[in-house]
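A.B. asks: got a predicted model here, sequence first, then my questions.
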Amino acid sequence: MKYYFLLGFSLLIITFGFSQQSKETGDKKSAREVRKARDKYLTMGTGLSWVKAIDNATSPLLYKGMQIGNFNLGHLVHSQERIKHTDVEFNFGWLKTRTETPWYDPRNTSYRIVIRHNILYRMKPEIFQKVRWYLGPEFNINGHFRVNYKYGNSALNFDNYNGVGIATHFEFPFSYTSRSFKLWFIKINRRDRNLRLSWQLSTPVLSFMLRPTYVTITNFIDPELQSAITADHVDGGFFVPFNLRSETNLYYLLQNGNMLRLGYTWNFYHHDPGYNKVQSAYHGLFFSFVFKFNKGEVK
């Protein structure tokens, strides 16, 4: 219970602090007009990902592999002064280890889901001339489930961590002008286009973690874990577990206000309580369609 209280209290403190930074003294527009003028988008994407994981509760071996199911769905509110982003990622696939033999094929079935919500405020005064800098709180929910049927009564394991932290975001808007040129015998007329390059780094400051004390068989989860969560299953605190996420996106703005997005995400997770150490690294490449809800020029 104390972890829930700390999470909620920290979220209020962080949100209040950044909201004070976002106040504009010279803007006479009403709050409703400001909210209405912000660009609102629906993002839908898919791609490929590569996952590495070590879970000593099951095995000391390193498991890694391509995740063929990699999906992304999100809602983005964007302006020059504020960014609000809610994002859901889901991927699944198989992780293998190098110890494969003709008689033994150790393979994990991996399921991973991430839900993030952040509110970012533009920092002033500007420290860069052409780069916008945003800072704000982020709330995240992370779950990674792994099943290895070769281990029989130790097949299923998972780790779930939920945290509140800080995200910093940098944007670099740029454009290129129209131009006509030939590529071999093909004549190409290039239109004026606007693009936006962004990079975001985030980490949970305070987290609440749920992880079984030992692994269980796939069709009979520990009854004690089902009926009640005890202190043995719960962990967390400041930077426990340690999680760092980096996200780079290139937006290609279309004439109708929609956008195409090419993104790369790296996520590192580490938890070592002295036993059952778990560590994972995620690399994801996304291609997304970004659909604009409201009319007007993209800001």
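C.D. replies: Arrived safely, thanks for sending. The structure presented is a predicted model; accordingly, all values stated were derived computationally and were not measured.

A.B. asks: surely residue 174 meets residue 198?
C.D. replies: No - using CB atoms under 8 Å, residue 174 is not in contact with residue 198, being 11.6 Å away. Every C-beta, even on glycine, is put in place using the N, C-alpha and C of the backbone.

A.B. asks: so for the two, which residue has more residues nearby?
C.D. replies: More crowded of residue 174 and residue 198, by other CB atoms under 10 Å: residue 198, with 20 against 10.

A.B. asks: what distance do you get for the more buried one to residue 43?
C.D. replies: Distance of residue 198 to residue 43, computed by CB to CB, to the nearest Å: 13 Å.

A.B. asks: quick one, helices of the stretch 151-299 of the chain?
C.D. replies: Secondary structure of the stretch 151-299 of the chain (DSSP state H, counting those that start in this stretch): helices located at 223-227.

A.B. asks: so who does residue 171 touch?
C.D. replies: 131-132, 134, 196-198 (CB atoms under 8 Å, 6 or more residues apart in numbering).

A.B. asks: for residue 54, see how far away it is.
C.D. replies: 35 Å.

A.B. asks: please go through this structure and pick out the longest strand.
C.D. replies: strand 156-176 (DSSP state E).

A.B. asks: pull out the buried positions in that strand.
C.D. replies: 156-159, 161-169, 171, 173 (16 or more other CB atoms under 10 Å).

A.B. asks: quick check, nearest of these to residue 58?
C.D. replies: Comparing the buried residues of strand 156-176 against residue 58 with CB to CB places residue 157 closest, at 5.3 Å.

A.B. asks: so what's the closest one up against?
C.D. replies: 55, 57-58, 145-146, 212, 215.

A.B. asks: in strands, which of those residues fall?
C.D. replies: Using DSSP E, the contacts of residue 157 in strands are 55, 145-146.

A.B. asks: for the helix or strand hosting residue 117, list the C-alpha coordinates in PDB.
C.D. replies: Residue 117 belongs to strand 107-122 when assigned by DSSP states H and E. Extracted in PDB, the C-alpha atoms of strand 107-122 (Å, rounded to 0.1, in the frame of the first residue of the first chain):
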ATOM      1  CA  ARG A 107      13.200 -21.700 -26.700                       C
ATOM      2  CA  ASN A 108      11.100 -19.100 -24.900                       C
ATOM      3  CA  THR A 109       7.800 -17.800 -26.000                       C
ATOM      4  CA  SER A 110       7.900 -14.100 -25.200                       C
ATOM      5  CA  TYR A 111       5.000 -11.600 -24.700                       C
ATOM      6  CA  ARG A 112       5.700  -8.000 -23.900                       C
ATOM      7  CA  ILE A 113       3.300  -5.100 -23.400                       C
ATOM      8  CA  VAL A 114       4.100  -1.400 -22.500                       C
ATOM      9  CA  ILE A 115       1.700   1.400 -21.800                       C
ATOM     10  CA  ARG A 116       3.000   5.000 -21.400                       C
ATOM     11  CA  HIS A 117       1.500   8.400 -20.800                       C
ATOM     12  CA  ASN A 118       3.500  11.600 -20.600                       C
ATOM     13  CA  ILE A 119       2.800  15.300 -20.400                       C
ATOM     14  CA  LEU A 120       5.700  17.400 -21.600                       C
ATOM     15  CA  TYR A 121       6.100  21.200 -21.300                       C
ATOM     16  CA  ARG A 122       8.400  23.400 -23.400                       C
END
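
A.B. asks: so what strands line up beside it?
C.D. replies: Partner strands and pairing direction for strand 107-122 (DSSP bridges) are strand 82-96 (antiparallel), strand 132-147 (antiparallel).

A.B. asks: mind putting the ones you listed in JSON lines, distance to residue 124, mean pLDDT and mean neighbour count included?
C.D. replies: As requested, the strands paired with strand 107-122 are exported to JSON lines (distance: least, CB to CB, whole Å; pLDDT from 0 to 100; neighbours: other CB atoms under 10 Å):
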{"stretch": "strand 82-96", "distance to residue 124": "12", "mean pLDDT": "92", "mean neighbour count": "19"}
{"stretch": "strand 132-147", "distance to residue 124": "9", "mean pLDDT": "92", "mean neighbour count": "20"}
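
A.B. asks: how about those strands, which one is nearest residue 294?
C.D. replies: From those, taking CB to CB, the stretch that ends up closest is strand 82-96, at 14.0 Å.
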